[in-house]
Each structure stands twice: as structure tokens, then as C-alpha cells.
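Peer 1: this one's sequence-less:
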């Protein structure tokens, strides 16, 4: 499947309709991961918008599910990078999908979910000129390990500051834990970390932005361990290799329940809502909550600007997002089913529920979403669900392509013997 990463100085597509891209591109076949694409792009003096982890696959669920990245603020979502695709349809035909032909498929695969409308075997994606990046690496922890109230207040202040940071062009990832099973910051088992960066900004510019956040933290700073450092890089890939998320561990013993929700400017301005959310998702002492966030939306960012693209099937909630909050709780191997269900319900109804209360018009990122939620289809696809369903019916009426949370999956059920069966009730109309 690895048939090349082909660079073109100008978009090779003959389709100039819609939101046409006249710049450089990479045509990417199946089987590649983002680490390979970042390297290839850097060799050409360019940036591609890809996953925080270099082992994430390029043209599958990441891109077709939306695709958050440490480069979203300046260039848009991963799904928005696709200018053309080669797709094998359910009838076996290999077709070109772009704004001039097979437009419905083109729209649907650009954020409407993977494994649904066809098998994408190649995409042509935007490539952007590289530039210098300045990064901010920040860590915070309570000096008194038992002073969790002060720690949560500091975390709430940092959440409230996300709008200010993203509107200044900051993009990246962070994580925090109130009670981890291993040190989070230095030797502290409670702590917050982020690695955020801005394109074409000087260290002085970023320090001026961060000074406003420091002023908010100042009243409690004497109770906190704080590490704040700035780094300058000549190119995006230098920044990525040094500061971005990096490769995560593969596999685990046990299980987990994961959920996510977008937070917009109004939600983050709600001081009461932010503190309620922080207090809930922090969890209790032995919950071992896993808490992460992506920052890269905002009113000035490219994600918002791409709302005008008529060929975007991504959940519209992304267009209003400042950040995405990702929450999880896990359990050890051998944990009984009742305990697992209690943890799952806690994530679905309390953790994610607290974020939905803050931002009822938000949405979940399907690649880090709660498929156990009774509203997961609406959470993942938002207002585009009905239109996506029509594309599914038109292009794959027999359900050749299936995944448990994809558009059209609710037309199927698993019987008592584990077989996947079509619910013929859908044809009653």
C-alpha cells in the first residue's frame, strides 16, 4: 500500500472549483504514518498538518475523523487539508473524489468519519511553507501535596486563559492529574503540563502574552511549584521533535473509558462552569483520572475560517472550539464488570456531562470520544449527521463498510451469537 509520498510545488488537481488550493501538496498513499510525512515535508521546506503522535496513520480515521494537531491554528483541521482523494466505493469502483466529481464522497470523507463511504487509498493534502516557532513549556504543581484546592484553582485559571492564548496564536497540547500513580511534575503526584507554540512569533511576544496568565496566578503562586521556559526553533519539525506530544506507549493491561468535548469561548468565560468541570474531572484520590487537552481553535484561527468551506463534513462544533478536553478513567486487568460499568458511567455522565453542561452546543472528537454515550452519534457528527446518512445510503446501501460508531452503524445489531445483522426495519418506509 505504501506507494509514495509525492511532493508537488503546485496542487496537481485539475479541479479548481470550491475552496481551491493553489499551493504545494503531498499525495499520500496508504500505510504511512505522520512521522514519515513530517520528515518528507521538512526536506522540502514545508509543513503538513498531522497528528501529535508520529505513529498515527495519515489517511484513515485521524484525517477522516477531523484530525487535531499541533499545527491546526495556522492551517486548519486535518480533514480540511484534503484537496483530492482516490476512493474505492462499495461497488468496487476506484474513483477520484474532489469538488468537481463525486462531491458527496469528497464532502463526507473530510470529517464525516472513516470506514463508511468507501476505502480511501490515497489523498492529496495541503503543504505549507515552514517557519520559525517559539514554544512554551510549562509545569505547575501544589507545593503541599495535600493542597489540592489550590491546585484545582490554578488549573481553572489556566482553562479560563485558553481563549487568550489561542487568540494570540498558541497551539499545542497539555495534561494534568490531581492524583496520579506516578509523578506528573518533578516529584509531585499532582501536576499540570503543557507544550504550546506559536508560528512566526518571537520569545518576547510570547512572554508578553504569558505575562497576563502569570498575573492571574500571582495570588496563589507562593503555594505552587512553577516551571516556565521558552524555546526557539528554526522550523516546525524542530519544534515538533523537541516539544510536541511525541510517541505514546502502545497497549496496556486492563481497560479504560474515554470521552471528549469541545469548549468554546463562552464556556471558558463561565468561571462557575469551569470550576465545576475541574472539580468533577479531577476525580477522587483513587480514580486516577487521565486528563488531556488540545488547544488550537479560536475566532482568529484557520479552523474557524474554514467554516466557509462547502466541502467540509466535519462536526460544525469544531468551528467554534477554542480547545478540546479529553478525559479518561481506567481499571486494572481482572476488574469485575460492575466496577467497570460504574467507571464508564462516571466518564459518560459526570466527566463528559460536566463539559456538556458548560458547552451544550459542543461536540466530541470521534477518535477520542465516548462511544458508550447514548447520544454518541449526535456528539460525533453534530448537525451534519442527517446529510452524512444520506450519502451513506446513496453510496453504500448494503452496508459493505461498517464500524460500530460510524454513520449507518445504527442500522445493524449484534445477535446473541455475535453475528452482525441488518435491522430490516430501516426499510419499512
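Peer 2: Looks like it came in fine. Everything numeric here is computed off the predicted structure, so don't read it as measured data.

Peer 1: Nearest residue to residue 396 in space, please, no chain neighbours.
Peer 2: Nearest residue to residue 396 in three dimensions, chain neighbours excluded: residue 90, at 4.1 Å (CB to CB, 6 or more residues apart in numbering). Glycine gets a C-beta too; all of them are placed from N, C-alpha and C.

Peer 1: separation between the one you found and residue 112?
Peer 2: With the distance defined as CB to CB, to the nearest Å, residue 90 ends up 15 Å from residue 112.

Peer 1: The two: which has the busier surroundings?
Peer 2: Relative neighbour count places residue 112 above the other of residue 90 and residue 112, with 30 against 16, counting by other CB atoms under 10 Å.

Peer 1: Residue 207 reaches residue 229, doesn't it?
Peer 2: No. Checked against CB atoms under 8 Å, the pair residue 207 and residue 229 is beyond contact range at 10.9 Å.

Peer 1: Between these two, which has more neighbouring residues?
Peer 2: Shown here are residue 207 and residue 229; by other CB under 10 Å, residue 207 has more neighbours (14 against 9).

Peer 1: For stretch 152-159, give me every contacting residue.
Peer 2: Stretch 152-159 is contacted from outside by 140, 142, 174, 176, 178, 192, 194, 213, 216-217, 220, 224, 263, 268, 271, 274-275, 277-279, 282, using CB atoms under 8 Å, 6 or more residues apart in numbering.

Peer 1: Which of the residues you listed fall within strands?
Peer 2: With strands defined by DSSP state E, the entries of the contacts of stretch 152-159 inside them are 140, 142, 174, 176, 192, 194, 224, 263.

Peer 1: what sits against the fifth one?
Peer 2: Going back to what we said before, that points to residue 192. Residue 192 is in contact with 138-141, 151, 154-155, 158, 174-176, 184-185, counting by CB under 8 Å, 6+ apart.

Peer 1: How about the last one?
Peer 2: Residue 263 makes contact with 159, 162, 321-325, 355, 358-359, 362 under the criterion CB under 8 Å, 6+ apart.

Peer 1: Could you save these as a markdown table and add columns showing pLDDT, secondary structure and distance to residue 14?
Peer 2: What follows is those, written out as a markdown table (pLDDT from 0 to 100; DSSP: H, G, I helix; E, B strand; the rest coil; distance: CB to CB, whole Å):
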| residue | pLDDT | secondary structure | distance to residue 14 |
| --- | --- | --- | --- |
| 159 | 98 | helix | 46 |
| 162 | 98 | helix | 42 |
| 321 | 98 | strand | 34 |
| 322 | 98 | strand | 38 |
| 323 | 98 | strand | 38 |
| 324 | 98 | strand | 36 |
| 325 | 98 | strand | 42 |
| 355 | 98 | helix | 44 |
| 358 | 96 | helix | 46 |
| 359 | 97 | coil | 41 |
| 362 | 98 | coil | 38 |
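
Peer 1: are any of those residues buried, and which?
Peer 2: In the contacts of residue 263, burial by neighbour count holds for 159, 162, 321-325, 355, 358-359, 362, counting by 16 or more other CB atoms under 10 Å.

Peer 1: on that earlier part again, got CSV for the contacts of residue 263, with distance to residue 58 too?
Peer 2: CSV is the format used below for those (distance: CB to CB, whole Å):
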residue, distance to residue 58
159, 31
162, 28
321, 23
322, 26
323, 24
324, 20
325, 25
355, 29
358, 33
359, 30
362, 27
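
Peer 1: Looking at those, which is nearest residue 20?
Peer 2: Nearest to residue 20 out of the contacts of residue 263 is residue 321 (CB to CB; 25.6 Å).

Peer 1: Would you agree the closest one is in contact with residue 264?
Peer 2: Yes. In terms of CB under 8 Å, residue 321 counts as a neighbour of residue 264; the distance is 5.9 Å.

Peer 1: Need the overlap of contacts for the two.
Peer 2: Counting by CB under 8 Å, 6+ apart, the shared contacts of residue 321 and residue 264 are 297, 362.

Peer 1: Next, count neighbours for residue 299.
Peer 2: Neighbour count for residue 299, taken as other CB under 10 Å: 15.

Peer 1: Can you give me the distance of it to residue 322?
Peer 2: Distance, residue 299 to residue 322, by CB to CB: 9 Å.

Peer 1: follow-up on the earlier one: filter the contacts of stretch 152-159 down to the buried ones, PyMOL style.
Peer 2: The PyMOL selection below is limited to those of the contacts of stretch 152-159 classed as buried (16+ other CB under 10 Å):
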select buried, resi 140+142+174+176+178+192+194+213+217+220+224+263+268+274+275+277+278+279+282
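
Peer 1: Point to the residue nearest the middle of this structure.
Peer 2: Averaging the C-alpha coordinates of the chain gives a centre point, and the residue nearest to it by CA atoms, centre = their mean is residue 68 (3.6 Å).

Peer 1: Can you give me every residue that contacts that residue?
Peer 2: Contacts of residue 68 were listed using CB under 8 Å, 6+ apart, and they are 52, 77-78, 294, 296, 324, 365.

Peer 1: May I ask you to confirm that residue 176 is in contact with residue 188?
Peer 2: No. With contact defined as CB under 8 Å, residue 176 does not count as touching residue 188 (11.2 Å).

Peer 1: Buried residues in stretch 337-355, which are they?
Peer 2: The neighbour-count criterion (16+ other CB under 10 Å) identifies 340, 343-344, 346-348, 351-355 as the buried residues of stretch 337-355.
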